[in-house]
Every structure is written in structure tokens, then in C-alpha cells.
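Visitor: sequence first, then the predicted structure:
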Amino acid sequence: MKLAIAFLLIVSALSAVPATASDPAKQDIDRFVAKTLAGIPVAPAIGVSVVRDGRPFYAHAWGCAKLDPKTPATAATGFYIASTTKAFTGLACAILAVRGLVDLDAPITKYLPGVNMAPPLDAGKLTLRKFLTHTSGISNDAIGFRTAFTGEHTTSQLVELLNLSTPAPDNFQYDNLGYIVASLVIERVTGHPWQRALDELVFTPLGMKHTTARMSEAKRRPIAIGFETNRDGDLEPVTLVRATRRCMPPATPARPGEAGSPSASPVPARCTRGGRSACGWCSSSSRWSPSGNCSALG
């Protein structure tokens with residue numbers, strides 16, 4: 001199993017619903033979006049889709065899905081929604097709980113028996129509910145780095161890294177860790193990759209035919225390119241595809257004291273361009289840091 005992208009979700013409009021009708025509600029949306037874009041001129045594109053009474057009510061896009069060559073965004077253009085995916089993953093866990101397949105308040109070791117953390121951490125007190133609410137009280141940059149930036153991992157490696165977690169400075173800490181753990185639980189319970197589980201538990205029942213957690217599927221559809229502002233203030237595309245594996249840190253931690261941070265495995269010189277990282281999800285002008293904070297979407 002590979003979580004090549006940490007909670008990547010591509011969403012496009014449900015259908016091409018004209019936005020030019022005389023409906024006052026649609027006109028209000030048009031005015032609101034126009035005002036918003038005027039206040040954020042750096043945004044290349046935006047898409048809005050509204051469902052009312054279970055049916056597509058409004059779908060429209062503004063701006064350009066690509067700047068070079070200039071390609072207008074349409075109601076069929078997909079957008080990368082980054083950490084908003086957490087809401088769908090949490091919903092999948094809630095559905096599994098209602099069906100009696102998951103106990104949100106059971107120790108995480110019930111579903112991941114390989115988890116065995118060193119004191120002062122106690123895996124027996126960590127529940128799926130705590131991970132979903134960002135209150136697990138643990139920190140693990142290495143897991144976030146591998147799942148969000150490199151894609152270099154297996155389920156067993158993620159469990160090994162989870163065992164090397166450290167106490168978080170605060171009980172509440174927003175990050176990807178809890179939802180990566182949730183995805184591992186979903187896979188253990190359903191026997192399927194978390195992407196397929198989201199399809200079967202959420203997207204298909206809701207008729208979300210144009211929503212996917214698989215980049216391989218998203219690339220077959222029209223999708224807006226992500227952008228960031230570089231140091232010169234110009235827009236630059238952000239790549240949503242892994243770079244060369246040569247840039248990746250070792251697949252297993254070197255020493256226990258180093259395992260919680262990707263700084264234990266610095267990016268080799270051959271993987272940089274002008275002192276900037278060419279790895280993971282970063283654009284060519286984004287500088288890689290030991291915390292894994294590249295300027296990627298999300």
C-alpha cells in the first residue's frame with residue numbers, strides 16, 4: 001500500500017449548470033465571486049458548485065485553469081482541495097463506526113497491533129477519535145513528510161515511524177498525522193486502499209462521480225494547475241507529481257533520536273537546483289526545509 005499523496009482529493013462541478021440564468025440566488029453568487037476575485041487578484045481560477053434539494057443548482061468557473069498556454073476554467077474543471085479531504089475521511093470513519101466496523105474510542109492498537117510507543121507515550125490510550133480531532137498529543141514530522149512529499153513508504157514503515165513519535169508540545173495540534181493513521185485503520189478494516197474506501201463509502205452513494213482521491217484518475221480529466229507566488233511576486237505552477245526517487249530520504253529511520261524528523265536525512269546536493277529542492281511536491285523555486293515545509297498546495 002502506498003499513500004503517495006497525503007489526502008489528495010480532486011473535485012469538479014457536478015454538471016455544467018448555466019450560471020447566466022435570471023435566478024436572484026445565482027446572480028448573488030456571481031456578484032460575490034466577482035467581488036472576491038477582485039480582492040484576490042493573484043488567484044488564477046476559482047470554481048463554484050452548489051447543490052440544492054439534492055440536485056445541481058449552480059456550477060461555474062472563472063479565470064484560467066492553466067496560464068501557459070492560457071486555458072479558461074470551466075464547470076468541468078477539477079480543483080485540488082488539499083486538507084479539505086479530511087472532512088471526507090472523517091465521514092468515512094463515522095460511517096464505519098455506525099456500521100459497527102470501527103470503535104472510535106477503542107485503542108488504536110485494536111486496528112494497528114504493531115503500534116507500541118515508548119514512554120511517556122502510551123498507544124493503549126490513543127483512540128481513533130483523538131487522531132481525528134487532532135488531540136492525540138503526539139508529533140511525527142517523518143510520517144507527514146513521507147506521505148505528503150515523497151510517497152516513499154509502506155504500511156509497515158508508517159507503523160514503525162508511528163512507534164517513534166514524540167510528545168506534542170500541545171494537546172491540540174493540527175496536522176496530517178491523525179488522518180494518515182485514520183487511513184491506515186480504514187484500510188485494515190475494509191481491506192481496501194483508503195481511496196477505494198472513500199469511493200464506496202462516500203463518493204458513490206452521494207453521486208459524486210467527478211470526485212477522486214487518486215491522482216492517476218484526476219490526470220485523465222480537466223484539472224486546474226496549482227500556482228504559488230515566487231520570490232519575485234510572479235505566479236509559478238506547483239507540480240502535483242512526485243519527482244525522482246533519488247531525492248528521497250532512506251526508507252527506514254537511521255537512529256531513534258532522529259526518526260521523528262526528516263532532517264535526519266538531508267536532501268543530497270544532486271537533488272537541488274541553485275540551492276533549492278527539486279524533490280517531492282515543491283515547485284522549482286520552493287526551498288525545502290527539515291520540517292518538510294515546501295510551498296505545495298494545502
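Guide: Alright, I've got the coordinates. Computed from a predicted model, the values in this text were never measured in an experiment. Residues are numbered from 1 along each chain as shown.

Visitor: and stretch 128-145, what's its mean pLDDT?
Guide: When pLDDT is averaged over stretch 128-145, the result is 94.

Visitor: ends of it, what's the gap?
Guide: End-to-end span of stretch 128-145 (C-alpha to C-alpha, to the nearest Å): 21 Å.

Visitor: give the buried residues for it.
Guide: The neighbour-count criterion (16 or more other C-beta atoms under 10 Å) identifies 128-132, 134-145 as the buried residues of stretch 128-145. C-beta coordinates here come from the backbone N, C-alpha and C atoms, glycine included.

Visitor: now swap in stretch 170-184 and tell me
Guide: Neighbour count says stretch 170-184 has 175, 176, 177, 178, 179, 180, 181, 182, 183, 184 buried, by 16+ other C-beta under 10 Å.

Visitor: ok, so of the residues you listed, who is nearest residue 85?
Guide: residue 179 (7.9 Å; C-beta to C-beta).

Visitor: isn't that closest one up against residue 133?
Guide: No - the pair residue 179 and residue 133 does not pass the contact test of C-beta atoms under 8 Å, sitting 10.8 Å apart.

Visitor: before we move on, back to that, the buried residues of stretch 170-184 in helices, which ones?
Guide: In helices, defined here by DSSP state H, the members of the buried residues of stretch 170-184 are 177, 178, 179, 180, 181, 182, 183, 184.

Visitor: is the first one in contact with residue 138, as I believe?
Guide: Read that as residue 177. Yes - applying C-beta under 8 Å as the test, residue 177 and residue 138 come out as touching, 7.3 Å apart.

Visitor: any figure for the gap between the closest residue to residue 102 other than its chain neighbours and residue 207?
Guide: With sequence-adjacent residues excluded and distances taken as C-beta to C-beta, 6 or more residues apart in numbering, residue 102 is closest to residue 96, at 4.1 Å. Counting by C-beta to C-beta, to the nearest Å, the gap from residue 96 to residue 207 is 20 Å.

Visitor: out of the two, which sits in the busier spot?
Guide: Taking other C-beta atoms under 10 Å, residue 96 and residue 207 do not tie; residue 96 has more neighbours (21 against 13).

Visitor: pop out the phi and psi values for the more buried one.
Guide: Here is the backbone geometry of residue 96 (degrees, to the nearest 10): phi -60, psi -30.

Visitor: pretty sure it sits against residue 187.
Guide: No - in this structure, residue 96 is not within contact of residue 187 by C-beta under 8 Å, at 11.4 Å.

Visitor: related to what we said a few turns ago, distance to residue 168 added to the buried residues of stretch 170-184, as a markdown table?
Guide: Shown next, in a markdown table, are those (distance: C-beta to C-beta, whole Å):
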| residue | distance to residue 168 |
| --- | --- |
| 175 | 9 |
| 176 | 13 |
| 177 | 9 |
| 178 | 11 |
| 179 | 15 |
| 180 | 15 |
| 181 | 14 |
| 182 | 17 |
| 183 | 20 |
| 184 | 19 |
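
Visitor: min pLDDT across those, which one?
Guide: Within the set of these, pLDDT is lowest for residue 175 (91).

Visitor: can you tell me the element the residue nearest to it when sequence neighbours are not counted falls in?
Guide: Excluding its sequence neighbours, the residue lying closest to residue 175 (C-beta to C-beta, 6+ apart) is residue 144, at 6.1 Å. When elements are assigned from DSSP states H and E, residue 144 belongs to helix 141-145.

Visitor: same question for residue 46.
Guide: Here residue 46, judged by DSSP H and E, is contained in strand 45-52.
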